[in-house]
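Q: turn this into a structure:
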Amino acid sequence: MSNIVAIALLAAAGTTGFSPSMDAEVGALAGAKITKQASHLRFVENRGQWDAEAKFLARTKGLNVWVTSSGLTYDFHRVVPSSPKLLPHEQPSTRLEPSELVGHVVRVSFDGSNASARTLGQGKLPSYSNFIRDGDDESATLVREFESARVEGLYPGVDLVTYRDAATGGPRYDIVLEPNANLSQIRMRYEGAQNLRVMPDGGVAYDTALGTVREKGLAAFEIDASGSRQAVSVRPRISGGALIYEVPNRDPSKTLVIDPLVASTFIGGSTNDEVHRVAIGPGRRPYVTGVTLSADFPTSIGSYRRNAYDYYDAFVTKFRADLANVIWSTYLGGVNYDHGRGIAVDSSEAAIVAGVTSSGDFPVRNAYQGTYGNGQDGFVAKLRPDGAGLVYSTFIGGSSTEEVNDLAIDDKSRPYITGYTYSTNYPTLNAYQATHSGATDIFVTRLTADGKSLSYSTFLGGASYDYGHSVSVDPTYRAAIVGN
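A: Reported below is the predicted structural model:
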């Protein structure tokens, strides 16, 4: 066994929530929050979907962990209610509660480290992610996911390895020192944290705008050539505002492991990631869609408060039939609020998704309606079978606000959508009811299989408020609508 020194630390982490790369029991997921911890914390590589400084991202509930060439960045966050923004008489169940994203960024940097250190993923996972944005230059597809992320040569002879802790499921990192590497060169600076301190039990704590983060349970041991372990003393200390570690009786002929700092934290509460619909495709493989709090690499440290709607993207995720792993997962959206509301899968295993968007830059392709209307529009999008691109994507709406609540397809892959609209100029064709009659009217719309045209589109409603909730199609291509 080669002699190495490893400092293993467990980053602050809470219960894993939904991200587009997670394992979950689909069963009755529609409309439910996902709280089941993922069986694997995935490190997603940066293929241009984020700021170039970010190399990998791992997400847990309330915490994004960004791996860079010079350290780690923790983005602690939670969603809190804000002032109501629902439209008059709008049913609260049709969209997420109005909310703000409150957070605090802490950057763990290493004084004097190599800013151009090499980063690489280790333990490639079978799943992958796609990030479909407006324009091919802004999209990233078939993005690989890994069990761990490694920064090689952080210091001479020192690597940083970030991975999933088997006991807690949260992110953990090791500082690995090769033989004769100098432990005293490692100085960790917690930028954005207040009152960094060593606790009486040897743990580390610091304060943020969301509360105090505590890391505790520090231990160290040496490993000889036979694999036998022997506990040794390790002392964390704050020196010049940086965290350092001292091992006074280090035996350079043995492997030294400082392991671990188990972190407990204030993190709690839902991030409002939500699965809204599930469909079963060929081979009994489930597909889900909904809305997720999208991750953006933080460019400043310290506390922040933002409109949470600006950070929600629609997602589409395909699982294996046994739910043992994700096959692919895709973000879908623009700069503002995007939400997947309905999903169906055709015989080619292509997912067709409908929902709502307030993003003027929502990605469009081969579109019936290529421009954003106003307020909030509906969208219908068909993804390639591998999830790595769009077959078509179109806005659907008028000059006011639309809520698309469900989608169905027929055996010709033609999408049918329903919901309700405030727009008097919502597009109609071959309509049963060609004019808007009340405050809100139901709409029923069928597009052609290529997404470029309407087959028909009609209002349905009276003089007051009407809402369409669900749609299905019979073998003779007649749509059945449920609403109130």
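
Q: mean confidence score for stretch 231-251?
A: Averaging pLDDT along stretch 231-251 yields 90.

Q: let me fix that, I meant to ask about stretch 157-168.
A: Mean predicted confidence for stretch 157-168 is 86.

Q: got the buried residues for that stretch?
A: Going by neighbour count (16 or more other Cβ atoms under 10 Å), the buried part of stretch 157-168 is 157-165, 168. All C-beta spots, glycine's among them, are computed from the backbone N, C-alpha and C.

Q: do the same with stretch 421-430
A: Within stretch 421-430, the residues scored as buried using 16+ other Cβ under 10 Å are 421-423, 426-428.

Q: next step: the residues you listed restricted to strands.
A: With strands taken from DSSP state E, the overlap with the buried residues of stretch 421-430 comprises residue 421.

Q: now, among the buried residues of stretch 421-430, which is nearest to residue 191?
A: residue 422 (46.5 Å; Cβ to Cβ).

Q: just checking, the closest one touches residue 377?
A: No - look at residue 422 against residue 377 with Cβ atoms under 8 Å: they stay out of range, at 11.5 Å.

Q: can you list residues touching both of those two?
A: residue 402 (Cβ atoms under 8 Å, 6 or more residues apart in numbering).

Q: got JSON lines for the buried residues of stretch 421-430, with pLDDT too?
A: JSON lines is the format used below for the buried residues of stretch 421-430 (pLDDT from 0 to 100):
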{"residue": "421", "pLDDT": "96"}
{"residue": "422", "pLDDT": "95"}
{"residue": "423", "pLDDT": "96"}
{"residue": "426", "pLDDT": "97"}
{"residue": "427", "pLDDT": "97"}
{"residue": "428", "pLDDT": "97"}
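
Q: nearest to residue 399 among the buried residues of stretch 421-430?
A: residue 423 (5.6 Å).

Q: next one: the spatially closest residue to the closest one that is not a sequence neighbour from residue 358, what distance?
A: Using Cβ to Cβ, 6 or more residues apart in numbering and skipping residues adjacent in sequence, the residue nearest residue 423 is residue 398, 2.7 Å away. Distance, residue 398 to residue 358, by Cβ to Cβ, to the nearest Å: 14 Å.

Q: hmm, back to that, can I assume the residue nearest to residue 423 is in contact with residue 428?
A: No - the criterion here is Cβ under 8 Å, and residue 398 misses it with residue 428 at 9.9 Å.

Q: quick check, residue 246 in contact with residue 237.
A: Yes - the criterion here is Cβ under 8 Å, and residue 246 meets it with residue 237 at 6.3 Å.

Q: the two: who's more crowded?
A: Using other Cβ atoms under 10 Å as the criterion, residue 246 and residue 237 rank with residue 246 on top: 13 against 10.

Q: count of neighbours near the nearest residue to that one once chain neighbours are set aside?
A: Distances taken as Cβ to Cβ, 6+ apart place residue 235 nearest to residue 246, at 4.6 Å, with adjacent residues excluded. By other Cβ under 10 Å, 13 other residues sit near residue 235.

Q: check the one 4 residues further on too.
A: Taking other Cβ under 10 Å as the criterion, the count of residues near residue 239 is 10.

Q: and it, what does it touch?
A: Shown in contact with residue 239 (Cβ under 8 Å, 6+ apart): residue 187.

Q: what about it, distance to residue 196?
A: For residue 239, the distance to residue 196 equals 11 Å [Cβ to Cβ].

Q: element containing residue 49, please.
A: Taking DSSP states H and E as the definition, one finds residue 49 inside no helix or strand.

Q: contacts only, for the closest residue to residue 72 other than its chain neighbours.
A: Using Cβ to Cβ, 6+ apart and skipping residues adjacent in sequence, the residue nearest residue 72 is residue 108, 4.5 Å away. Applying Cβ under 8 Å, 6+ apart, we find residue 108 in contact with 71-74, 188-191.

Q: neighbour-wise, give me the winner out of those residues.
A: Top of the contacts of residue 108 by neighbour count (other Cβ under 10 Å): residue 74, with 27 neighbours.

Q: ok so, going back, and the contacts of residue 108 as TSV, adding secondary structure, pLDDT and distance to residue 407?
A: Shown next, in TSV, are the contacts of residue 108 (DSSP: H, G, I helix; E, B strand; the rest coil; pLDDT from 0 to 100; distance: Cβ to Cβ, whole Å):
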residue	secondary structure	pLDDT	distance to residue 407
71	strand	94	44
72	strand	94	40
73	strand	95	38
74	strand	92	38
188	strand	94	50
189	strand	96	50
190	strand	95	47
191	strand	96	46
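
Q: residue 182: which of those residues is nearest?
A: For the contacts of residue 108, the nearest to residue 182 is residue 188 (14.8 Å; Cβ to Cβ).

Q: residue 335: neighbour count?
A: 16.

Q: gap between it and residue 373?
A: 16 Å.

Q: can you check residue 188 too?
A: 50 Å.

Q: just give me the closest of the buried residues of stretch 421-430 to residue 468.
A: In terms of Cβ to Cβ, no member of the buried residues of stretch 421-430 lies closer to residue 468 than residue 421, at 9.4 Å.

Q: what's the separation between that closest one and residue 397?
A: 7 Å.

Q: ditto for residue 414
A: Distance of residue 414 to residue 397, computed by Cβ to Cβ: 19 Å.

Q: so between those two, which is more surrounded?
A: Ranked by neighbour count (other Cβ under 10 Å), residue 414 and residue 397 place residue 397 first, with 28 against 19.

Q: what residues does the more buried one make contact with?
A: Contacts of residue 397 by Cβ under 8 Å, 6+ apart are 369, 373-374, 376-378, 421, 423, 426-427.

Q: mind picking the two most distant members of the residues you listed?
A: Among the contacts of residue 397, 376 and 427 lie farthest apart (Cβ to Cβ), at 15.5 Å.
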